[in-house]
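1. Got a sequence here, can you build the structure:
(4 chains)
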There are 2 protein chains.
Amino acid sequence: MDILETRRGRRTLHPQRVTMKDVAEAANVSTMTVSNVIHNRAYVTAELRKLVQEKIKHLGYVPNRAAQELAGVSRPHVGLLYPAIINPFIAAVIAGSMRAASRLKVDVSVQLAQLDDPRALRTTMSRMKEAGVDGFLLPSPIAELAATAFRKKALDVPAVALAPGIPIAGMASVRSDERQAAYDIVSMLFDLGHRRIGHVAGPDSQGGSIARLQGYSDAMRAHGLAPDPHLVIKSPSFRFQDGLAAAETLMSSEPRVTAIFAANDTLAASVVATAQRRGISVPQDLSVVGYDDAPVAEQVWPGLTTIHQDAQVMTERAMEILEKGIKAWRKDRSIRLAEDVVVPYEVVRRASCAPAPVK
Amino acid sequence: MDILETRRGRRTLHPQRVTMKDVAEAANVSTMTVSNVIHNRAYVTAELRKLVQEKIKHLGYVPNRAAQELAGVSRPHVGLLYPAIINPFIAAVIAGSMRAASRLKVDVSVQLAQLDDPRALRTTMSRMKEAGVDGFLLPSPIAELAATAFRKKALDVPAVALAPGIPIAGMASVRSDERQAAYDIVSMLFDLGHRRIGHVAGPDSQGGSIARLQGYSDAMRAHGLAPDPHLVIKSPSFRFQDGLAAAETLMSSEPRVTAIFAANDTLAASVVATAQRRGISVPQDLSVVGYDDAPVAEQVWPGLTTIHQDAQVMTERAMEILEKGIKAWRKDRSIRLAEDVVVPYEVVRRASCAPAPVK
DNA sequence: CGGGCCTGACCGGTGACCAGT
DNA sequence: AACTGGTCACCGGTCAGGCCC
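-> Sure, this is the predicted structure:
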């Protein structure tokens, strides 16, 4: 009676929620026993265990996270930063994080990051740390920016960089071997007979631009093709509009290139669009390859041959590393993550490549 | 001394976090006064208020959300469901939710939803409710699925449908007038001289397929063009591959269409690809328009004329409605949201349209 | 002595109530 | 009586320690 009175009169805002006490009363045990059952701990007879589990299911009891947290059962809490422009890679990272988080029982706070200012990033991250975040998941290009932001004073919580363009000191990373992938795809063009192969490079600050350029250069050299500065044009961003200008320049150089490797699929789409506008037919006159296997790679005509890397899988791996890292770090604050996980990539062949035209 | 001892010996896992007690001691007041300062409540002298605020800043105190929650200061907690396939619309919804959430001080739980099974959706949503979610944000096509799932037993928490294809009973919604937008874009084709205008419709179950088809039909009729079943092909999904088959069929019908309105940009890209493969030049021989202003609309050649709706803005509006709705609902459980907010759309002109070819 | 279960203090805040001026 | 500010119980769990058989 008394208890009912109390419950009826309480001021809580989630009125009806079933508590552990309710379960305990229903099963005629103490709350502690219920807790022990939930956490599969010893010191509970099989019989009682079963009874309690039944009551839990019957009443629809779900532990109150806030209470658990307060009592000291804290989950890892990771901060995920994302840039204002949501590309398919970032979308996959966000989705992958959510999936991994509920699987691994990890809390995630998602925050928008300014891409232009390292100091603003440092402020954002500090604020998140103060609010309880104890590990960061940093997709490219935020990882690179964080490296700048924490150049002097190292970041003191675990962090994992996702697909960073360069290895970043003091962080773990999950990436594919982009240099090698670029090498492979350029070699494939060589094998089709192409000799004048151009490259639309991405901005140095971003993602795998540097690794992809390196792979291109390595492949050219390995096949005995002299490096030619006219063959490489750097686009100021990975955006379509900027790619158009770069493509225009590259395609005006003489003698004409017969194949172009663009640093991502959006830039490759720019190349295809420019070719079509100029009446150059792809792939008969010009072969084009991209990188990332973004949706646009399938949706343009002809479909783009490209490199596929599975961002969701990479993200889930990263989250696992982070979860372990945070747990370890909580025990020993001097621990620094440094794993470098390399996941496989895959060449996806579509219609945008053909043998080089005979002269 | 005693207190220091206690703090030193405590078992908490977030060792160094500054608590309200620390601030209270530093300012020589009670914790309650600190609380009052934080919440801008009366009964604190300006002098003391300032002192406390200083100490808070100096110590870097941040309230512990778990403790607040437990003590009854509960924020609205919205559940966001998303489909496995992350298209640009969903990506924008997720990003917009995160932004709105931190602005409005709302908690968000993001969960993957199965698209095939209404019962699974109901289970997921129930589980989320048990875990404390008290409002849902349902982007299309999940909103439509939820309508089926809760046909018999109404959903008893506030929910907002984002860009639902059809109005959904018992939910608020934020959408643009898709019928009118489709009407406008088809009329634009008419004004360019097109008379045989085809439509690649999307699946009935999804998003605005029905409204867009309706707008198309209305426009045709309004301009005195007889409805012709050969002019409308339904694609089984909004995916590129399915669109190719639909485009193929539509472009084989005689007499030839001179313009095609596709129900979204991906399908429009399918049309463009099919045209190019068949040697039909766009826009000279065939004008193509899409819907959504997805990234692909810019990235194909020629760029697609399409309808732009700002998913981020729509999401932020939806979140505001939900936040108010949850607060109201907590006071009076009989309240049901029913607002229907219509946001403006915009026709984006790109190169994929031209005057109809003269016969 | 040890397995099985319960009691009491505590996590970090907040609301109700109370005590001075 | 109107302001200020402090005290204490409580939110819903968890851990240490105790009691009993």
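2. just the helices in chain A please.
-> With DSSP state H applied, chain A shows helices at A:2-9, A:20-27, A:31-38, A:46-59, A:65-70, A:88-104, A:118-130, A:142-149, A:178-191, A:209-222, A:240-252, A:265-277, A:295-299, A:311-331, listed in chain order.
3. Just send those helices back as TSV, with distance to residue A:202 and mean neighbour count too.
-> For glycine as for every other residue, the C-beta is placed from the backbone atoms N, C-alpha and C. Below are the helices of chain A laid out as TSV (distance: least, Cβ to Cβ, whole Å; neighbours: other Cβ atoms under 10 Å in any protein chain shown):
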stretch	distance to residue A:202	mean neighbour count
helix A:2-9	61	9
helix A:20-27	54	18
helix A:31-38	50	18
helix A:46-59	53	15
helix A:65-70	42	18
helix A:88-104	13	21
helix A:118-130	20	16
helix A:142-149	12	22
helix A:178-191	11	20
helix A:209-222	4	20
helix A:240-252	9	19
helix A:265-277	7	26
helix A:295-299	15	26
helix A:311-331	17	20
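4. need the residues of chain A near DNA strand D, please.
-> Residues of chain A lying close to DNA strand D by Cβ under 7 Å from any atom of the strand are A:6, A:10, A:12, A:14, A:17, A:19-21, A:31-32, A:35, A:38-39, A:61, A:63-64, A:67-68, A:70-73.
5. possible to save the helices of chain A as TSV with mean pLDDT?
-> Conversion of those to TSV gives the following (pLDDT from 0 to 100):
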stretch	mean pLDDT
helix A:2-9	35
helix A:20-27	93
helix A:31-38	93
helix A:46-59	93
helix A:65-70	93
helix A:88-104	91
helix A:118-130	93
helix A:142-149	92
helix A:178-191	97
helix A:209-222	96
helix A:240-252	96
helix A:265-277	96
helix A:295-299	94
helix A:311-331	94
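6. Am I right that residue A:219 is in contact with residue A:188?
-> No. Using Cβ atoms under 8 Å, residue A:219 and residue A:188 do not qualify as a contacting pair, with a distance of 9.3 Å.
7. Roughly how far does the nearest residue to residue A:182 once chain neighbours are set aside sit from residue A:180?
-> Beyond its immediate neighbours in the sequence, the residue positioned closest to residue A:182 (Cβ to Cβ, 6 or more residues apart in numbering or on different chains) is residue A:215, lying 2.7 Å away. Taken as Cβ to Cβ, to the nearest Å, the spacing of residue A:215 relative to residue A:180 amounts to 6 Å.
8. again with residue A:237
-> Relative to residue A:180, residue A:237 is positioned 25 Å away (criterion: Cβ to Cβ).
9. Residue A:112 now?
-> Counting by Cβ to Cβ - residue A:112 and residue A:180 are separated by 33 Å.
10. Pull the number of nearby residues for the nearest residue to residue A:189 once chain neighbours are set aside.
-> When the adjacent residues along the chain are set aside, residue A:189 lies closest to residue A:259, with 4.6 Å between them (Cβ to Cβ, 6+ apart). The criterion is other Cβ atoms under 10 Å in any protein chain shown. On that basis, residue A:259 has 25 neighbouring residues.
11. And for the one 5 residues further on?
-> Residues within reach of residue A:264, counting by other Cβ under 10 Å, total 30.
12. for it, what are its contacts?
-> A:202, A:207, A:238, A:290, A:291, A:292, A:294 (Cβ atoms under 8 Å, 6 or more residues apart in numbering or on different chains).
13. got the contact list for the fifth one?
-> The neighbourhood of residue A:291, defined by Cβ under 8 Å, 6+ apart, consists of A:178, A:181-182, A:185, A:208, A:212, A:261-265, A:268, A:306-307.
14. could you redo the last one with a cut-off of 10 Å?
-> Taking Cβ atoms under 10 Å, 6 or more residues apart in numbering or on different chains as the definition of contact, the neighbours of residue A:291 are A:178, A:181-182, A:185, A:202, A:207-209, A:212, A:215, A:261-268, A:297, A:304, A:306-309, A:345.
15. likewise the first one?
-> For residue A:202, the residues meeting the contact criterion (Cβ under 10 Å, 6+ apart) are A:141, A:165, A:208-210, A:212-213, A:234-238, A:242-243, A:246, A:262-264, A:266-267, A:291.
16. how far away is residue A:331 from chain B?
-> Spatial separation of residue A:331 from chain B under the definition Cβ to the nearest Cβ, to the nearest Å is 9 Å.
17. picking that back up, just checking, the residue nearest to residue A:182 touches residue A:201?
-> No. Contact between residue A:215 and residue A:201 fails when scored by Cβ atoms under 10 Å: they sit 11.1 Å apart.
18. where do the contact lists of those two overlap?
-> residue A:261.
19. tell me the contacts of the spatially closest residue to residue A:108 that is not a sequence neighbour?
-> Counting by Cβ to Cβ, 6+ apart, residue A:108 lies nearest to residue A:101, which is 4.6 Å off, once chain neighbours are set aside. Residues in contact with residue A:101 (Cβ under 10 Å, 6+ apart) are A:75, A:76, A:78, A:80, A:107, A:108, A:137, A:316, A:319, A:323, B:109, B:110.
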